[in-house]
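Chemist: the sequence isn't on hand, but the structure is:
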Ligand SMILES: Nc1nc2c(c(=O)[nH]1)N[C@@H](CN(C=O)c1ccc(C(=O)N[C@@H](CCC(=O)O)C(=O)O)cc1)CN2
Ligand SMILES: NCC(=O)N[C@@H]1O[C@H](COP(=O)([O-])[O-])[C@@H](O)[C@H]1O
C-alpha cells in the first residue's frame, strides 16, 4: 500500500511542474510578531530555502519580538510552537491521536482549548483529564450554558490560537469564526471528498453510502474549512481499499486508522509552517525530509 501512496504522491508532485507556489504564512500572527524580510535575503540558521523547478520559493520568516506575553520560540529550529484549538462532538480519537503526538514532540504545537457541543462527550472528558479548558458551543436547550457565535469568537481570542482542528465536530462552524481565523481551520472527513460529503454525511452514514455506491476505494480527507460543509480546499488525502464484504464498522475502522496517522502528519506540517499555497489556490505540504518535495 505504501508503494501505492508513494506512486500517487509522486504523480501529484509531477503536476506541480506547471504551478508557481507562494508561501502560506501562519495567518494568525499575534501583535508582537513582525514579518522580517523574505527568506531569500536572509541566511536563516536552520530554515531551509525550498526550491521547486530550480526556483527558490519565497518563504518569509516570522520573527518573534519579545513582549510582555513572553512569546516563546522553539528551541530546536526557530519555529514558534503553535497554539491549537480542537472541536469535537464525540469520542475524540482523532484529537487524542494528535494530542499524543504533541506530547511526544512529533507535533510542534500544544492544545490550549477544546470546544464541543456535547459537554460530557469522550473528547471533552479527555481534555479535562489533560488540563485543557473546555468551551461549550453552540448554546441549545440541551446545552444551556453553551455560547453564541460571537461569544465563542471572544472566548477563543484569549488563547492566541494559531490553528483550529475540527475532529468529529458535527455542527456548522459559523462564518464569524471563519472570518476570525482565515485559512486556519482544518477539518477531517472520512471519505475522499468531494465524494460523500456535505450536510447529512457524517460518521457511519458516510461509510454506509460508500459501500452502497460500490466504490472500491475510500479514505480520509483533511481540508480547510469554509462556510459550507466539506467544500473547503483539500490539503491531504489517503486511500483505503473498500472490500467486497466490508461491513460499515470494518470500513470505518480501516479509515479511522489512517485518519489518526494523517491528522498527526498534517498537524506537524502546519505547526512547522510547511504548508504552501499554489497560485491556483491549492494548498500543498512540503516534505520534512526533502524540502523540494511537495504533496
Ligand atoms: N463551516 C463548516 N463547518 C463544518 C464543516 C465544514 O466543512 N464547514 N465540517 C463539519 C464536519 N463534517 C464533515 O466533515 C460534517 C459534520 C456534520 C454534518 C451534518 O450534516 N450535521 C447535521 C447535524 C448532526 C448532529 O447534530 O448530530 C446537520 O447539520 O444537520 C455534515 C458534515 C463540521 N463543521
Ligand atoms: N463529517 C464529519 C465526520 O464524519 N467526521 C468523522 O467523525 C469521526 C470522529 O471520530 P473521533 O471523534 O473518534 O475523532 C471521524 O471518523 C471523522 O472523520
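Modeler: Sure, I can see it. Worth saying up front: this structure is predicted, and the values here are computed from it rather than measured. Ligands and ions are numbered 1, 2, ... in the order given.

Chemist: now for residue 172, how many residues are close by?
Modeler: By other C-beta atoms under 10 Å, 12 other residues sit near residue 172. In this view, the C-beta of every residue, glycine as well, is placed from N, C-alpha and C.

Chemist: what of the one 4 residues further on?
Modeler: Look at residue 176: counted by other C-beta under 10 Å, it has 13 neighbours.

Chemist: surely it is in contact with residue 151?
Modeler: No - using C-beta atoms under 8 Å, residue 176 is not in contact with residue 151; the gap is 10.1 Å.

Chemist: what's the closest non-adjacent residue to the residue in the stretch 51-200 of the chain that ligand 2 sits nearest to?
Modeler: For the stretch 51-200 of the chain, the residue closest to ligand 2 is residue 168, as judged by C-beta to the nearest ligand atom, at 2.7 Å. Counting by C-beta to C-beta, 6 or more residues apart in numbering, residue 168 lies nearest to residue 90, which is 4.9 Å off, once chain neighbours are set aside.

Chemist: need the pLDDT of that neighbour.
Modeler: You'll see residue 90 listed with a pLDDT of 98.

Chemist: what's it in contact with, if anything?
Modeler: By C-beta atoms under 8 Å, 6 or more residues apart in numbering, residue 90 lies in contact with 118, 121, 122, 123, 168, 170, 203.

Chemist: what's the distance between the residue of the stretch 51-200 of the chain closest to ligand 2 and residue 147?
Modeler: Distance, residue 168 to residue 147, by C-beta to C-beta, to the nearest Å: 19 Å.

Chemist: up against ligand 1, what does the stretch 101-250 of the chain have?
Modeler: 166, 169-173, 187, 189, 199-202, 225, 227-230, 232 (C-beta under 6 Å from any ligand atom).

Chemist: change it to 5 Å
Modeler: Residues of the stretch 101-250 of the chain lying close to ligand 1 (C-beta under 5 Å from any ligand atom) are 169, 170, 172, 173, 187, 189, 199, 200, 202, 225, 229, 230.

Chemist: using CSV, lay out these together with secondary structure.
Modeler: Listed next are these as CSV, based on DSSP: H, G, I helix; E, B strand; the rest coil:
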residue, secondary structure
169, coil
170, coil
172, coil
173, coil
187, strand
189, strand
199, coil
200, coil
202, coil
225, coil
229, coil
230, coil
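
Chemist: how about these, which pair is most distant?
Modeler: Across these, the longest distance by C-beta to C-beta is 17.5 Å; it joins 200 and 225.

Chemist: quick one, which of these two is more surrounded?
Modeler: Neighbour count, other C-beta under 10 Å: between residue 200 and residue 225, residue 225 has more, with 25 against 9.

Chemist: separation between the nearest residue to residue 252 once chain neighbours are set aside and residue 104?
Modeler: Using C-beta to C-beta, 6+ apart and skipping the chain neighbours, the partner closest in space to residue 252 is residue 207 (4.8 Å). According to C-beta to C-beta, residue 207 stands 29 Å off from residue 104.

Chemist: residue 132 too?
Modeler: Plainly put, residue 132 is 16 Å away from residue 104 if you go by C-beta to C-beta.

Chemist: and these two? which has more neighbours close in?
Modeler: More neighbours surround residue 132 than the other of residue 132 and residue 104, with 20 against 9 (other C-beta under 10 Å).

Chemist: so that one is in contact with residue 116, correct?
Modeler: No - assessed by C-beta under 8 Å, residue 132 is found out of contact with residue 116, at 11.2 Å.

Chemist: who are the contact partners of residue 232?
Modeler: For residue 232, the contact set (C-beta under 8 Å, 6+ apart) comprises 187, 223, 224, 225, 226.

Chemist: wait, the second one sits on residue 192?
Modeler: No - applying C-beta under 8 Å, one finds residue 223 not in contact with residue 192, separated by 11.1 Å.

Chemist: hang on, the earlier thing: quickly check: the helix or strand in which the residue nearest to residue 252 is found near ligand 2 or not.
Modeler: Assigned by DSSP states H and E, residue 207 falls within helix 204-213. No - remark: helix 204-213 sits outside contact range of ligand 2, by C-beta under 5 Å from any ligand atom, the gap being at least 5.5 Å.

Chemist: who are the packing partners of that helix?
Modeler: Under the contact definition 3 or more C-beta pairs under 8 Å, 6 or more residues apart in numbering; DSSP states H and E, helix 204-213 sits against helix 248-271.
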